[in-house]
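Visitor: Got a predicted structure plus its sequence, pasted below:
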Amino acid sequence: MTGTPERSQSKLTELDLRSLAIEIKRWAKELGFDDVGITDTDLKTHEARLNNWIAQGMHGEMDYMHKHGTKRTRPEELVEGTKRVISVRMDYAPSDIKQAETYLSKPKIGYVSRYALGRDYHKVLRNRLKHLAKKINDRIGEFGYRVFTDSAPVMEKALAEKAGLGWIGKHSNLLHSKTGSWFFLGELYVDLALPIDKAATNHCGTCTSCIASCPTQAIVGPYQVDARRCISYLTIELKGSIPVEFRPMIGNRIYGCDDCQIVCPWNKFAQTTKEKDFTPRDNLTDRELVELFNWTENEFLKSTEGSAIRRIGYQAWIRNIAVALGNIAPSIEIIAALKNKAVELNLSPMALEHINWALERHENPR
């Protein structure tokens, strides 16, 4: 844990901590966060659900979901001395978020999950959280803390729910009644016994729009997602071949999937991001599949610099687009693009397998 907490802990009264919590929330808003809440570290209920999910193998190849043991669900084990978690939210919805569904109906367009169209959120939120920690330090002296943004075994949605930032919906994403679900989360683990906020209550009701809309039926029940079927998992987390049975269902989604968010009624209240770093990049936003497929590895690296997309690597990028190309009506242009890419010297067997699958669908349409 960063800092030496002994320096300031004994000096803070309950009144000091209440006052500090108010200031922390003000500072967070000044730093560009759209909401902030504080919670304790008790995640017993969520731990039981996580263990059951893993026991059923629904995490797929995401071994990091269990390899840290109970550190994910017990913050004080991950960071010794943790007493509270400051949870923050930052909206990322672009101005045309309500038109996202229209791009899915254009099979020649490569659909990228809206969260990945701007700058990598990990860097943006992490830097802001570090600034928040510095403001706390400047006010009370050194204290113990650690910053997280989807970067360690942290139950960020569970913590955010307990901190009052929203409730976990039936699609497993966090929802807020005034802003929907198009937002990022970040955490500051601290050793300060700050007053905690009231947990959010669930407002999904009888709605099952997200369950019905999932292209691969990955939402196998309310609040339960089988990652092995999820397009976000298949196009981002999965390192090897995408199972053949899911490829036709992927459509033109080349990085992630937003279907369950697009149909969610609460997203009619989505707030357009105020963060300039999340402004969609023209070279990644709703481009022709063939254009993206024709990128060399160097072009891919250059075009995705500072983007979350880069982390999947060039071979998975080609894999994903090959699948999308295989889902389009046959054309001479697409067949030529697939054949040209197939002879690239640096192509992996995994990427080539998906190209050959797409070629087979074009040359022998059913």
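Guide: Structure received.

Visitor: Okay, Thr70 and Lys44: tell me how far apart.
Guide: Per Cβ to Cβ, to the nearest Å, Thr70 is found 11 Å from Lys44. No exception for glycine: its C-beta is placed from N, CA and C like everyone else's.

Visitor: Could you check which of these two has the larger neighbour count?
Guide: Thr70 (14 against 8; other Cβ atoms under 10 Å).

Visitor: Phi and psi next, for the more buried one.
Guide: Dihedral pair for Thr70: phi -90, psi 0, per degrees, to the nearest 10.

Visitor: List the contacts of it.
Guide: Thr70 sits next to Glu47, Glu77 when contact means Cβ atoms under 8 Å, 6 or more residues apart in numbering.

Visitor: go on, Glu353?
Guide: Ser241.

Visitor: Can I take it that it is in a helix?
Guide: Yes. Counting by DSSP: H, G, I helix; E, B strand; the rest coil, Glu353 falls inside a helix.

Visitor: Check which element follows the helix or strand encompassing Glu23 along the chain.
Guide: Per DSSP states H and E, Glu23 falls inside helix 14-30. Following helix 14-30 in sequence order, the next helix or strand is strand 35-39 (DSSP H and E).

Visitor: distance between that next one and the chain's centre?
Guide: From the chain centre to the centre of strand 35-39 is a distance of 19 Å (Cα atoms, centre = their mean, to the nearest Å).

Visitor: Renumber starting at 271 from here on
Guide: Let's use 271 as the start, then, which means that last one is strand 305-309.

Visitor: Counting by contacts, list what the helix or strand of the chain with the lowest mean pLDDT packs against.
Guide: Lowest by mean pLDDT, DSSP states H and E among the helices and strands of the chain is helix 370-374, with a mean of 92. With contacts taken as 3 or more Cβ pairs under 8 Å, 6 or more residues apart in numbering; DSSP states H and E, helix 370-374 sits against helix 529-532.

Visitor: packing partners for the helix it packs on?
Guide: So helix 529-532, by 3+ Cβ pairs under 8 Å, 6+ apart, packs with helix 370-374, helix 479-483.

Visitor: now the end-to-end length of stretch 502-515.
Guide: Chord length of stretch 502-515, first to last residue, is 16 Å (Cα to Cα, to the nearest Å).

Visitor: For that stretch, buried residues please.
Guide: For stretch 502-515, the buried set under the neighbour-count rule, 16 or more other Cβ atoms under 10 Å, comprises Ser502, Tyr503, Leu504, Thr505, Ile506, Glu507, Leu508, Ile512.

Visitor: In contact with Asn610, which residues?
Guide: So Asn610 contacts Asn564 (Cβ under 8 Å, 6+ apart).

Visitor: Quick check, pLDDT for it.
Guide: On pLDDT, Asn610 comes in at 97.

Visitor: where's it relative to Leu629, distance?
Guide: The span separating Asn610 from Leu629 equals 11 Å under the rule Cβ to Cβ.

Visitor: do Lys314 as well
Guide: Taking Cβ to Cβ as the measure, Lys314 falls 52 Å from Leu629.

Visitor: now swap in Thr543 and tell me
Guide: For Thr543 relative to Leu629 (Cβ to Cβ), the value is 40 Å.

Visitor: out of those two, which sits in the more crowded spot?
Guide: Ranked by neighbour count (other Cβ under 10 Å), Thr543 and Leu629 place Thr543 first, with 23 against 18.

Visitor: Now do the SS call for that one.
Guide: The three-state label given to Thr543 by three-state DSSP is coil.

Visitor: next one: the one 10 residues further on
Guide: Three-state secondary structure (criterion: three-state DSSP) places Asn553 in coil.

Visitor: Outline the domain layout of this protein.
Guide: Segmentation of the chain into domains, based on automatic domain parsing, reads 275-365+383-460, 558-636.

Visitor: Out of these, which gets nearest to Gly491?
Guide: Among those, domain 275-365+383-460 comes nearest to Gly491, with 8.5 Å by Cβ to Cβ.

Visitor: what's the longest helix in the protein?
Guide: In terms of residue count, the longest helix belonging to the chain (DSSP state H) is helix 391-410.

Visitor: Next up, the contacts around Gln541.
Guide: By Cβ under 8 Å, 6+ apart, the contact set of Gln541 is Asp304, Asp361, Ala363, Lys448, Thr449, Gly450, Trp452.

Visitor: what's the neighbour count on the nearest residue to Asn537 once chain neighbours are set aside?
Guide: Closest residue in space to Asn537, ignoring its immediate chain neighbours: Gly450 at 3.6 Å, by Cβ to Cβ, 6 or more residues apart in numbering. Gly450 has 24 neighbours, counted by other Cβ under 10 Å.

Visitor: quick one: the helices in the stretch 371-520 of the chain?
Guide: Secondary structure of the stretch 371-520 of the chain (DSSP state H, counting those that start in this stretch): helices at 391-410, 426-432, 479-483, 501-502, 517-520.

Visitor: any idea how far the second one is from the chain center?
Guide: Using Cα atoms, centre = their mean, the mean C-alpha position of helix 426-432 is found 14 Å from that of the whole chain.

Visitor: Which other helices and strands does it contact?
Guide: Looks like helix 426-432 contacts strand 305-309, strand 354-361, strand 437-438, strand 444-445, strand 453-460 (3+ Cβ pairs under 8 Å, 6+ apart).

Visitor: what's the spacing between the residue nearest to Asn537 and Tyr503?
Guide: Per Cβ to Cβ, Gly450 is found 22 Å from Tyr503.

Visitor: cool, Gly434 as well?
Guide: Counting by Cβ to Cβ, the gap from Gly434 to Tyr503 is 29 Å.

Visitor: same check, this time on Gly327
Guide: From Gly327 across to Tyr503, the span is 13 Å (Cβ to Cβ).
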